[in-house]
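>>> Sequence and computational prediction follow.
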Amino acid sequence: MIQFEDVHKAFGHNRVLRGCTLDVRDGETLTIIGGSGTGKSVTLKLMLGLLKPDHGRIIVDGEDITQMSEEELSEVQKKFSYVFQGGALFDSMTVGENVAFGLQQMGKEAPEKISEIVREKLSVVGLQGIEMLKPSELSGGMRKRVAIARSIAMSPKYLFYDEPTTGLDPIMSDVINDLIVDLHQKLQQTGVVITHDMRSAYKISSRIAMLYEGKIVKIDTPEAIKNSDDPLVHQFVTGSAQGPIQMKVRAYD
Amino acid sequence: MADLDLIGPRLEQRLLNILGGTLVSIAEAIGRLVILTRQTLYWVKSAERRSVFEQIVAVGVESIPVTTLTALFTGMVLALQTGFSFRKVFNEPIYVGTVVGLSLTKELGPVLTAVVISGRVGAAIAAELGTMKVTEQIDALYTLGTNPVKYLSVPRFIACLFSIPILTMMAIFTGIMGGLLIAVYRLGIPMTIYMNEIKQIGWKECTHGITKSFFFAAIIVIVSCYKGFTCEGGAEGVGKSTTSAVVLSMVLILVMDYFLSAVLVSFGIG
């Protein structure tokens, strides 16, 4: 279980999180929705320990990761895996080396076993036989699937997805959605997804949380979110420009 | 008058803001450099041999042509200038071997090698790590249970500390040989006289030069890694980080050169 308790995070004068409180329950897929720049990625990076909050506690399985040393934190980070928005594949390595990387670094598996796991995980995401290709030779959808294969190869307890369908065509987006649902059913991992693609959010989530002005303003099941009469939630899920959420177009002097 | 009263505090405030902001940035950068150095030294014991070997090839072996060529022509021009200048003053080109040998061993060998390496290797390190930073590959390392300092900084640190002193020794040797060519074939100095002067260079002079090259190696790798790890802002950011890594390394090398020389000389080394 991951708990956010009154978490604040600012970058200079920009106060991104202003008292964010949130629970991620074991075994669920929680999707965090919110407009661009509301702090969704920051929330995920705080969960991972890649950023430190200015105030508040982040508790992972009963341990406060904000108070940990780097060595202690790297032990907790072994429970996590993160699918980055752009894939973040290592471009100096082949696809096979990318998927094998985490396992090799952990040093727990024999090289033959690692090759077997790489083949298996690539076939899980529907990309068998591309081990020798370089990331630059892959399409956007393939990169995302390789990134997912690299993440699940580590057998993490928590799997984080940063906008998994952004930049993909609607069909490939649905393929990725199906893959996330399928993986969740097969592997029973806890998933945290950030997205503003509502179609994706309804399909993959156990619960949906809405982030607005640095706080979680609503957290509920996809059905309840869909039918919510909360003006903030309603405006966001229907994608209307009219309502309490005013997207500011910044004027630069 | 009323306008001046308003301008006064604003100007002071602005000046204090600029000064304070700059000082805070400098203090923060120094702190981060110290932390990166400490973490790099901490992980040295668990460096991967394969990565270190790959970096030795990239830093050391692939830099041999450029460093030796630079040193060769430096030795040649040094001999030429010394020979003609001394011929004007003393009517004959004396002390060419001594000037070339001492200059290259104590100063030009280590400094020129470090400057060339900071341009070739420092820029490559900053650009590679900077690109990894802006494409989230550094964050990906964390999420795959790998410390980026251990994986990226440590092999480069060991490779630079191993390769740069060797490159310096090669540069000194090549420079002296370049000086010999000019001394013998252009200035007409007998080879035995030139070589006898070179033989006067003792272990203290060599230790002076090589000790400095270790420090220069550490400056290049730590500054370049720091600039790469702290890179922000896409392609433009990578360009800026690369430029500032090279400029900062070169400036620090030249500044450190003076202080190291002063300390080494005060200890009777060189």
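Nice, I can see it.
>>> Now find how far off-centre the lowest-mean-pLDDT helix or strand in chain A is within its chain.
Counting by mean pLDDT, DSSP states H and E, chain A has its least confident helix or strand at helix A:70-77, which shows a mean of 84. Mean-position distance between helix A:70-77 and its chain equals 19 Å (Cα atoms, centre = their mean, to the nearest Å).
>>> Heading C-terminal from it, find the next helix or strand.
strand A:80-83 (DSSP states H and E).
>>> anything in that following strand sitting right up against chain B?
Yes - counting by Cβ under 8 Å from any Cβ of the partner chain, chain B has neighbours in strand A:80-83: A:80-82. Placement of C-beta: from N, CA and C, glycine included.
>>> that older thread, now for the least confident helix or strand of chain A, which elements pack on it?
On a contact count with 3 or more Cβ pairs under 8 Å, 6 or more residues apart in numbering or on different chains; DSSP states H and E, helix A:70-77 meets helix B:137-143.
>>> re earlier: buried sites along the least confident helix or strand of chain A?
The neighbour-count criterion (16 or more other Cβ atoms under 10 Å in any protein chain shown) identifies A:73-74, A:77 as the buried residues of helix A:70-77.
>>> likewise stretch A:117-127?
Quick answer for stretch A:117-127 (16+ other Cβ under 10 Å): A:117-118, A:121-122, A:124-125, A:127.
>>> Out of those, which are close to chain B?
Applying Cβ under 8 Å from any Cβ to the buried residues of stretch A:117-127, none is adjacent to chain B.
>>> Okay, and which of those residues map to helices?
A:117-118, A:121-122, A:124 (DSSP state H).
>>> Turn those into CSV, columns for distance to A:Gly167 and pLDDT.
Below are those laid out as CSV (distance: Cβ to Cβ, whole Å; pLDDT from 0 to 100):
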residue, distance to A:Gly167, pLDDT
A:Ile117, 28, 92
A:Val118, 25, 94
A:Lys121, 23, 90
A:Leu122, 21, 93
A:Val124, 22, 86
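>>> for chain B, what spans make up the helices?
B:2-43, B:49-59, B:64-90, B:96-102, B:109-117, B:123-134, B:137-143, B:148, B:154-185, B:191-199, B:203-229, B:234-266.
>>> sorry, that was for the stretch 151-253 of chain A
A:170-187, A:198-204, A:222-226, A:231-238 (DSSP state H, counting those that start in this stretch).
>>> closest one to B:Gly75 among those helices?
helix A:170-187 (61.4 Å; Cβ to Cβ).
>>> Let me see the mean pLDDT of that closest one.
Averaged over helix A:170-187, pLDDT sits at 87.
>>> Quick one: distance of it to the chain centre.
With Cα atoms, centre = their mean, you get 14 Å for helix A:170-187.
>>> can you list contacts of it?
For helix A:170-187, the surrounding residues in contact (Cβ atoms under 8 Å, 6 or more residues apart in numbering or on different chains) are A:29, A:124-126, A:140-141, A:144-145, A:148, A:152, A:155, A:159, A:161, A:164-165, A:168, A:189, A:191, A:193, A:197, A:199-200, A:203-204.
>>> In PyMOL, how would I select the buried members of the residues you listed?
A single PyMOL command selects the buried members of those (16+ other Cβ under 10 Å):
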select buried, chain A and resi 29+124+125+141+144+145+148+152+155+159+161+164+165+168+189+191+193+197+200+203+204
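>>> Up against chain A, what does the stretch 1-150 of chain B have?
Residues of the stretch 1-150 of chain B lying near chain A (Cβ under 8 Å from any Cβ): B:132, B:135-137, B:139-140, B:142-147.
>>> which of these are the two that sit furthest away from each other?
Most distant of those, by Cβ to Cβ, are B:Thr135 and B:Gly145, 19.4 Å apart.
>>> can you tell me which residues contact B:Ala47?
B:150, B:154-155, B:158.
>>> And A:Ser92, how far from chain B?
8 Å (Cβ to the nearest Cβ, to the nearest Å).
>>> Three-state assignment for that residue, please.
coil (DSSP: H, G, I helix; E, B strand; the rest coil).
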